[in-house]
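Chemist: sequence and predicted model, in that order:
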Amino acid sequence: TFTAWCNSHLRKAGTQIENIEEDFRDGLKLMLLLEVISGERLPKPERGKMRVHKINNVNKALDFIASKGVKLVSIGAEEIVDGNAKMTLGMIWTIILRFAIQDISVEETSAKEGLLLWCQRKTAPYKNVNVQNFHISWKDGLAFNALIHRHRPELIDYDKLRKDDPVTNLNNAFEVAERYLDIPKMLDAEDIVNTARPDEKAIMTYVSSFYHAFSGAQKAETAANRICKVLAVNQENEHLMEDYEKLASDLLEWIRRTIPWLENRAPEKTMTEMQQKLEDFRDYRRVHKPPKVQEKCQLEINFNTLQTKLRLSNRPAFMPSEGRMVSDINGAWHKLEGAEKGYEEWLLNEIRRLERLDHLAEKFRQKAAIHESWTDGKEAMLTQKDYETATLSEIKALLKKHEAFESDLAAHQDRVEQIAAIAQELNELDYYDSPSVNARCQKICEQWDALGSLTQNRRESLERTEKQLESIDELYLEYAKRAAPFNNWMEGAMEDLQDMFIVHNIEEIQGLITAHEQFKSTLPEANKEREAIQAIQAEVQKIAQYNGIKLAGNNPYTSITPQSIDKKWEKVQQLVPQRDQALQEELARQQSNDHLRRQFANQANMIGPWIQNKMEEIGRISIEMNGTLEDQLTHLRQYEQSIIEYKPNIDQLEGDHQLIQEALIFDNKYTAYTMEHLRVGWEQLLTTIARTINEIENQILTRDAKGISQEQLHEYRTSFNHFDKDHSGVLQAEEFKACLISLGYDVETDKQKRTGIMDTDDFRALLISTGNSLGDAEFARIMGIVDPNNSGAVTFQAFIDFMSRETTDTDTADQVIASFKILAGDKNYITAEELRRELPPDQAEYCIARMAPYSGPDAVAGALDYMSFSTALYGESDL
C-alpha cells in the first residue's frame, strides 16, 4: 500500500520505486517524493555513492519533515540507509499522516477524525454501509463503492452490489478508482477479506486518496452549506417580520375600534342606563384590555429580538410598514389610555349628575304637589260674592278671614320660589324630562300670579264694605291668627320630615341627625302652642254654652279647624320616628362606606410603595451585573415569578375598588392612591421586568454569536455604567464618545486599540491631546449605526452590538457571492438545475423565485443573477 501511494506521487516526476526499503536508501527519491507532495524545493542532494552521502541526503529529508511540525520518534538516517523496513515504513506513514491526512478538516474535526466523519457523511444514505472505523467497516467493499457512487454515480451501479460478495465489491471499487479517478490500486481484495482486522494504516492511506480526489466536490458542498445557512437565517427573519406585521396590524385595529367607543360622550337618561355603561367599562378593564397589554409587550419583545438577530447576521435593520412602528403603536396606546381615563371620569360625573337630577326631580314633584293641594279651590274662594249679602259681623269676619289668607299666601311665597329655583336647576343640569317640569312650573307661577291679583281685588271689595260692619268676635279672630302660623309651621315640619336627603360621608349625615335632634327639642314648646290654640276654641264653646249662644258654624275667620290641627300634629308625631329610622339607616350606610374606604386604603398604601420598590430594584439589578449573564437571567426570571405571584393582591384590590364604585363612593381621604394609578404602575412593572429579561437574552445571543467573553461583557458594562451618570440606562452622544475613548477606541481611524479602561489622568490627557473633538465625521457614522432612529441616546444592547461587530466577523455578501460562484463553476451566473442539484429543495426554490434573470454578455437561456440576489440579502455589497 505504501509503495503504491509513493508511486502515485513519484510518477508525476517521471519515476517510481520497486522496493520501498531499498529504493529510499540513498535519499534521492525520498527527497524527490517530498518535493512532489509539498510543492517546495529541498536543498540540493549529494550525488556521491558513499554511505555518508546517503546519510546526508536522508537527513535533509528528515529535517524537512521535522520543519513541518512532525516529530520523528526513534527514526534516524542510519536506519533508512541500512534498509530497515520497519523504520522505513514508519517514516512513510509519518509522511502520509502529515501531507495526506493531517490537513483534512470536516466540520471542526481534522486528520483521522475528520477523514472518518467525511466518510460517514458521504456514505450515510447507502444501505448496508456503516463506517465506524478504518478496518472492519471496509471489509465488504460496499463503503468504497458508496464513496465513488456518491461523487460519480455514473461509474457504479450500486444497487447490483451484494454484501455477501466482498471480493467482487472490492475489486470493482479498486478497478473503477484506478481507471476513472487516477487512484492507483493500493490494496489486495483477498488480503482484506481473509484478514480478521484489515490494516488501519493501509485503509486510511487508500481512503485519503479518495478524499483528495473528491476535494473539489467537497468545496462545492461547503459552499452549498454556507448558502443554506444564510438562506435559513433570511427565511426565519422574514417569518418573524410577517408575524410582527400581523400582530401590529391586529393591535392597531383593536385600538382604532376601541377609541371611538371610549370617546363617545352621549349621556343616558336614567341611572340604570349609566350604571350599565359603567359595568361595560369594568368588563373592558378586566377582560378585554389585559390581553392587549400582553400583546403590546410581546410585540416590543419580538421587535427587539428580530432587530438583534438581524444585527448578529449582518442584515439591514427591520423597518415595519408605515404606521406600524413601535413608536406608532405606543402613540396609539397613549391615545387609548387618554380616552380611557377621560371616559371613566365622564361616567362618574354623569352618574353624580343623574343622581342629583333624580333627587331634585323628586323634590320638585313633592313641593309642587303640596302647593297644588294648597291652591286647590283658592280661586273659587277669592271670586265668590258672599260679602254682598253678609251682615256686618259676617263682613268683618270675612275681612279677618281674608287677612289670615293673605298671611297664609305670604307664607307660601317661599315655596313657590323654591319650586321655580328647582325647575331652573333641572334645566341647567339638562334633565331629560325638563319640558314637563317647565310646563308644571309655568302653570304654578301663572296660578300664583292669578291668586295674587284675586286676593288684591277681594281685599278692596271687603274694605269698601267694612265701614258698614263693625261687630267682630275677638276670640275667633285670635284663634285664627294663632292657628294660621302654627298650621304653616306644622305643614313646614311635615314637609321637612318627608324631605329627601343625599349625603356622601359620615360628617354630613351626623349634621342632619344633629339638626333633627334640635327640631325634636322644639316639639314641647310647639305642643304648648297647640294646646293654647285649642284652649281658645274651647273658650269659645264655653262662652257660647254659658250665654246660650248658638254658633252659626265654623270660625268665620279661618278654615283651620281644631280637628285639622290635631290631625296634622298626629302626622308630625308619626313622621318623627320615621325620620329617625331613615337617618340611622343612612348613618349605617355611610359607616359601611367608610369601612370600604379604609379597607381599600390599607391595601393601596401597601401595594403602591411595593410597586415603586420593585421598579427601583429592577433598575439596580440591570446595572449591578452580579454574576454571569445566565445567572442574571435566572435571577431576573425568579424575580419576575415573585412579581407574578403578587398578582392576587392586585386582584383583591380590584375587588375592593369594585365594591367602592358599586357603593357610589367618589372620594377617599385615607389614601392618595387611586386604582388607575396602581393599575398603570402594575402594568409598567410587568413591562419593565419583561424588557429587562429580553435585554439579557439579547446580550446572551450577542455573546454566543460573536464569541464575546464574560470578561469583555463585564468590561463593556462597567464602562457603560461609569459614563451613565444619571443611571437612565442609555448614553447620550457625548457620554458614548467618552466611553469609546475610555475603551481605547480611536475614533479618528476607526480602529479599536484595546488597552483596558483608562484611569482618570490618562482619560483627561487623551481628551486634551485630541481637543475633545475626536473625528466628528467618523463619530457621526458610528452614531448612525448605534442610533439609527436619531434619538440622541445609545442603549447598552446597541453598544455591545457595535463593540462585538468591531471585534468579530460574520458572513458577508461577498462571501455569499463567492460561494455561489463555486456552485456555478466560476461563471457569473447560475442555472436553476445547478441550484436544485447543490441546495435542499425548499432553499433552492427560494433562490429561484427571488433571483432576477442574468443579463450579462455571457448570458444563456435560464441564467440567474446570483450577485444582485446576494447583495439584496445584506444591503449594499463591498464589491
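Modeler: That came in fine, so what should we check first?

Chemist: mind listing the strands for the stretch 601-750 of the chain?
Modeler: Using DSSP state E, counting those that start in this stretch, the strands of the stretch 601-750 of the chain run over 730-732, 745-746.

Chemist: lowest-confidence stretch among the ones you listed?
Modeler: Note on these: lowest mean pLDDT is at strand 745-746, with a mean of 62.

Chemist: figure out how far the helix ranked longest in the chain is from the centre of its chain.
Modeler: Looking across the chain with DSSP state H, the single longest helix is helix 562-624. Helix 562-624 sits 38 Å away from the centroid of its parent chain (Cα atoms, centre = their mean, to the nearest Å).

Chemist: stretch 128-140 now?
Modeler: 56 Å.

Chemist: Val503 contacts Gln510, correct?
Modeler: No - the pair formed by Val503 and Gln510 falls short of the contact definition of Cβ atoms under 8 Å, at 9.2 Å. Quick note: C-beta positions are derived from backbone N, CA and C, even for glycine.

Chemist: so which of these two has more stuff around it?
Modeler: Neighbour count, other Cβ atoms under 10 Å: between Val503 and Gln510, Val503 has more, with 17 against 14.

Chemist: so what's that one closest to, chain neighbours aside?
Modeler: Excluding its sequence neighbours, the residue lying closest to Val503 (Cβ to Cβ, 6 or more residues apart in numbering) is Ile509, at 4.7 Å.

Chemist: ok, and the closest non-adjacent residue to Arg353?
Modeler: Leu429 (6.0 Å).

Chemist: could I get the phi/psi values of that neighbour?
Modeler: phi -90, psi 10 (degrees, to the nearest 10).

Chemist: quick one: it from Arg356, how far?
Modeler: 7 Å (Cβ to Cβ, to the nearest Å).

Chemist: so which residues of the stretch 51-200 of the chain form helices?
Modeler: 51-67, 77-81, 85-96, 111-123, 142-151, 166-180, 189-194, 200-213 (DSSP state H, counting those that start in this stretch).

Chemist: got it, and the stretch 701-850 of the chain?
Modeler: 710-723, 733-742, 760-770, 776-786, 796-807, 813-823, 832-838, 841-850.

Chemist: could you list the buried residues of the fourth one?
Modeler: Neighbour-count burial for helix 776-786, with 16 or more other Cβ atoms under 10 Å as criterion, is recorded at 779, 782-783, 786.

Chemist: list the helices and strands that helix packs on?
Modeler: helix 733-742, helix 796-807 (3 or more Cβ pairs under 8 Å, 6 or more residues apart in numbering; DSSP states H and E).

Chemist: which other residues reach the longest one?
Modeler: For helix 796-807, the external contacting residues (Cβ atoms under 8 Å, 6 or more residues apart in numbering) are 304, 308, 311-312, 695, 698-699, 702-703, 705-706, 708, 712-713, 716-717, 720, 729-731, 736, 739, 743, 745, 752, 782, 785-787.

Chemist: quick one on the thing from earlier: Val58: which of the helices and strands packed on helix 776-786 is closest?
Modeler: Among these, the nearest to Val58 by Cβ to Cβ is helix 796-807 (48.2 Å).

Chemist: how far off helix 562-624 does the closest one point, in degrees?
Modeler: 20 degrees (axes from the mean of the first three to the mean of the last three Cα atoms, to 10 degrees).

Chemist: tilt between helix 796-807 and helix 733-742?
Modeler: Using the same axes, to 10 degrees: helix 796-807 against helix 733-742 is 40 degrees.

Chemist: begin at 436 from here
Modeler: I'll keep to 436 as the first residue from here, and by that count the last item is helix 1231-1242.

Chemist: and Ile694, how many neighbours?
Modeler: There are 17 residues near Ile694, going by other Cβ under 10 Å.

Chemist: that one against Glu772, yeah?
Modeler: No - counting by Cβ under 8 Å, Glu772 is not a contact partner of Ile694; they are 10.1 Å apart.

Chemist: quickly note the distance from the residue most central in space within the chain to Glu780.
Modeler: The centre of the chain sits closest to Cys732, judged by Cα atoms, centre = their mean, with a distance of 0.4 Å. Remark: distance between Cys732 and Glu780 (Cβ to Cβ) = 26 Å.

Chemist: now Tyr1081
Modeler: 28 Å.

Chemist: reformat the helices of the stretch 1136-1285 of the chain as TSV; add mean pLDDT and distance to Ser644.
Modeler: Putting the helices of the stretch 1136-1285 of the chain into TSV (pLDDT from 0 to 100; distance: least, Cβ to Cβ, whole Å) gives the following:
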stretch	mean pLDDT	distance to Ser644
helix 1145-1158	76	45
helix 1168-1177	81	54
helix 1195-1205	40	60
helix 1211-1221	81	50
helix 1231-1242	73	41
helix 1248-1258	83	23
helix 1267-1273	87	24
helix 1276-1285	88	32
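
Chemist: contacts only, for Gly504.
Modeler: Here Gly504 is in contact with Arg533 (Cβ under 8 Å, 6+ apart).

Chemist: give the burial count for Ala1233, as a bare number.
Modeler: 20.

Chemist: can you tell me how far it sits from Ile690?
Modeler: Distance from Ala1233 to Ile690, by Cβ to Cβ: 28 Å.

Chemist: Ile1283 too?
Modeler: Distance from Ile1283 to Ile690, by Cβ to Cβ: 41 Å.

Chemist: surely Leu741 is in contact with Tyr679?
Modeler: Yes - assessed by Cβ under 8 Å, Leu741 is found in contact with Tyr679 at 6.5 Å.

Chemist: so what sits against both of those two?
Modeler: The contact lists of Leu741 and Tyr679 share Phe753, where a contact means Cβ under 8 Å, 6+ apart.

Chemist: any regions of the stretch 936-1085 of the chain where pLDDT drops low?
Modeler: Scanning the stretch 936-1085 of the chain for pLDDT under 70 picks out the ranges 978-988, 1057-1060.

Chemist: should've said the stretch 786-935 of the chain
Modeler: Using pLDDT under 70, the stretch 786-935 of the chain drops low at 822-827, 899-909.

Chemist: give me the contact list for stretch 639-650.
Modeler: So stretch 639-650 is contacted by 436-437, 440, 443, 531, 535-536, 539, 547, 550, 553-554, 569, 573, 579, 582-583, 586, 612, 616-618, 621-622, 653 (Cβ under 8 Å, 6+ apart).
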